[in-house]
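**Q** would you be able to build a 3D model of this:
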Amino acid sequence: MEFEFRSKMWFWKGPAPWYFITVPPEDCFELAAASTVVSYGWGMIPVTARIGRTTWTTSLWPKDGQYIVPVKADVRRAEGLGLGDLVRVRLAVSV
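**A** Alright, predicted model coming up:
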């Protein structure tokens, strides 16, 4: 299963601060269905993510009935991304 979307990058300031991009609600229905097969716990879904020319493996985190994509510093630097940027993300889930 592969899909692409655009969403804004946001910052979670907590004990372990991190940047995320929220998957739009219309894509979360299929992800929730796939999670019963591919999740390795807590609803996490392993994916291959791509922003621009940067590809990496990560896991989608369930949050408030949706999923969020963690975006590590190496990806943000390579693609020149910052807080509030509208980002095109491509995700591939192996089902």
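
**Q** can we go C-alpha only for contacts and neighbour counts from here?
**A** Noted.

**Q** which helix or strand in this structure has the lowest average pLDDT?
**A** The weakest-scoring helix or strand in the chain, judged by mean pLDDT, DSSP states H and E, is helix 25-38 (a mean of 87).

**Q** list the buried ones in that helix?
**A** For helix 25-38, burial by neighbour count (16 or more other Cα atoms under 10 Å) applies to 28, 31-32, 34-35, 38.

**Q** how about the helices in this protein?
**A** 25-38, 73-79 (DSSP state H).

**Q** output those helices as JSON lines; include the columns distance to Ile45.
**A** As requested, the helices of the chain are arranged in JSON lines below (distance: least, Cα to Cα, whole Å):
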{"stretch": "helix 25-38", "distance to Ile45": "6"}
{"stretch": "helix 73-79", "distance to Ile45": "19"}
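
**Q** out of those helices, flag the one nearest Met9.
**A** Nearest to Met9 among those is helix 73-79; the distance by Cα to Cα comes to 10.0 Å.

**Q** so what touches that closest one?
**A** With contact meaning Cα atoms under 8 Å, 6 or more residues apart in numbering, helix 73-79 is reached by 51-54, 82.

**Q** what's opposite Gln66 in the beta bridge?
**A** Using DSSP bridges, the bridge partners assigned to Gln66 are Lys63.
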